[in-house]
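Q: generate a structure from the sequence data that follows.
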Amino acid sequence: MRTSENETAYELGASRTLWELIERRAALTPDAPVLIQAAPDAADDRTLTFGELRDRSERVAAGLYGMGVRPGTVVAWQLPTRIETALLSFALARIGAVQSPVIPFYRDREVGFALRESKAEFFAVPGVWRGFDHAEMAERLGARGIFEAYAYDDLPDGDPSVLPAPPSDGTSVRWIYWTSGTTSDPKGVLHTDRSLIAGGSCLAHALHLSADDVGSMAFPFAHIAGPDYTVMLLLYGFPAVMFEQFALPDALAGYRRHGVTVAGGSTAFYSMFLAEQRKLAPGEKVIPTLRLLAGGGAPKPPEIYHAVVREMGCQLTHGYGMTEVPMITMGAPDDTAENLATTEGLPPEGMEIRVTDAEGKEVPAGVDGEVRLRGEAVCQGYLTRSTGGSPPDPHKQSAGVFDADGFLITGDLGHVRTTGHLVLTGRAKDIIIRKGENISAKEIEDLLHRHPAVGDTAVIGLPDPERGERVCAVIEQRPGAHDALTLKAVTAYLRGEGLSTHKLPEQLELVEALPRNETLRKVLKYKLRERFTQG
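A: Numbers count the residues shown, from 1 in each chain. Now for the predicted structure:
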């Protein structure tokens, strides 16, 4: 039976729009904190309550309205993880504008593409941030309506009485999120308020949270995880600590100062917290109040799960999400250790998962195939490319994105267990075809993660004139490892773990650090393929 707190969260999750959700939460707990900005000096920390989030966002909305922002106006913003960013974003949600968030680490190519394709009429930037002049870049790219929004005083302000009624339709496209564009131009992913609320609800309900929790945002607010996480705060009425610049061990003071109970981000974040834990004496906890690490967005080796539980003394739940579907499945803290270590968790009510063969036919439980998705959290498709003078059509779905039954084709491979738990086995592009045999890179990576000298690894396929592709293991050794790994030692270890001979790596590359993106620190395998194919 659900508690009254859970009942409230489920009721709030039925809100039609994000602004309606904010108003309902602010009416319930106006004085409770929602966002805490962690600063290097504790005296500079700032806190925003749910009531202040509603009231200040509405004043910013009035200021934006005075600048000419109207329902449907496309506004791009490239801002760091700050309270001001949340205020601007919710102000735009109050008006009913179309938002195009851009990761603040992106530069001319990606930013210019996003501005052109979205036809943004306004562009908010942080001025000079981390040594880079975003306003200068915006002018260089010919952006329209540039304004800086770095501090409270920089945000537009006005009288909310000038505003029209808040939007009531939650199914119109009001969000354009951008895929990373690591191998081609980025793609604009179209979302609605309802798809973002549905994604955040999946995350919130799976984690068994309460108003006594304290979360954390160590990732860019402009990432799809931004609204995902914020919806969770609004549903359950607890705060999150925001880190404008996340780096360990410096950020640990903020986690400890505010008593964070839920942290995470992705697999790379788990590894970073583990590395800090290993610096401490037995019995000490890196974050004394921490009870749960949670995240997604990248594969999680089972050994990482066991190491976190064993060494950090907290639970780890991992989920499956993407820009197109912010939350698909999530592990639950009360699930079995075996399920939490080896699966991506269960889908929420309303998320349909279908696993198909190469012809699109559904396969039975336990059989690997391509993962396809249907549900309210699924995006509306991709922004169509602008050609000539014709503007992009934000309602048109790109060909080949959905199958005939309306399921999103993900390109991910895996299977569903009879219990309903999803197991991912890799990406279609991560399957290495050696002498006609399919080899899963993830299977080899999971085994290598158990090796005591391996800090992180990526297994890739490289072109080979005789085999088609050869298996290459790229390894980042664990700090403190005495001897450099050799190919002979690695293959001997994998044989001992039971890996079939035809799957053994034929090439080993040791690197100081695997290349990663700046959002959830995913390993960029395309860069490894480029580097070692050329080498």
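
Q: ranges for the strands of the stretch 1-150 of the chain?
A: Along the stretch 1-150 of the chain, the segments classed as strands by DSSP state E, counting those that start in this stretch run 33-38, 46-49, 74-77, 98-101, 122-125, 128-129, 132-133, 146-148.

Q: format the ones you listed as CSV; extra columns: mean pLDDT and mean neighbour count.
A: (C-beta placed from N, C-alpha, C; glycine too.) Formatted as CSV, these follow (pLDDT from 0 to 100; neighbours: other Cβ atoms under 10 Å):
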stretch, mean pLDDT, mean neighbour count
strand 33-38, 98, 23
strand 46-49, 97, 16
strand 74-77, 97, 24
strand 98-101, 98, 24
strand 122-125, 96, 26
strand 128-129, 92, 16
strand 132-133, 93, 14
strand 146-148, 86, 18
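
Q: now render these as TSV, adding distance to residue 373.
A: As requested, the strands of the stretch 1-150 of the chain are arranged in TSV below (distance: least, Cβ to Cβ, whole Å):
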stretch	distance to residue 373
strand 33-38	30
strand 46-49	34
strand 74-77	27
strand 98-101	22
strand 122-125	32
strand 128-129	35
strand 132-133	36
strand 146-148	37
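
Q: figure out which of those strands is closest to residue 364.
A: strand 98-101 (39.9 Å; Cβ to Cβ).

Q: starting at the chain centroid, how far to that closest one?
A: 17 Å (Cα atoms, centre = their mean, to the nearest Å).

Q: and the strands of the stretch 1-150 of the chain: which comes nearest residue 167?
A: strand 98-101 (11.0 Å).

Q: now do the contacts for the residue nearest to the spatial centre of the chain.
A: Centroid check for the chain by Cα atoms, centre = their mean gives residue 225 as the closest residue, at 4.3 Å. Residue 225 makes contacts with 219, 265, 297, 321, 326, 520, as judged by Cβ atoms under 8 Å, 6 or more residues apart in numbering.

Q: please repeat the previous calculation with a cut-off of 7 Å.
A: residue 219 (Cβ atoms under 7 Å, 6 or more residues apart in numbering).

Q: just the pLDDT for it.
A: Residue 225 is assigned a predicted lDDT (pLDDT) of 92.

Q: for it, phi and psi?
A: phi -70, psi -20 (degrees, to the nearest 10).

Q: over to the one 10 residues further on?
A: Backbone torsions for residue 235, taken as degrees, to the nearest 10, come to phi -70, psi -40.

Q: residue 365 in helix, strand or coil?
A: coil (DSSP: H, G, I helix; E, B strand; the rest coil).

Q: right, and it touches residue 418 too?
A: Yes - counting by Cβ atoms under 7 Å, residue 418 is a contact partner of residue 365 at 4.9 Å.

Q: tell me which of the two has more neighbours.
A: residue 365 (12 against 8; other Cβ atoms under 10 Å).

Q: out of the strands of the stretch 1-150 of the chain, which comes closest to residue 189?
A: Closest of the strands of the stretch 1-150 of the chain to residue 189 is strand 98-101, at 10.5 Å (criterion: Cβ to Cβ).

Q: contact partners of the closest one?
A: Contacts for strand 98-101 (Cβ under 7 Å, 6+ apart): 72-77, 89, 92, 114, 118, 120, 173-177, 222.
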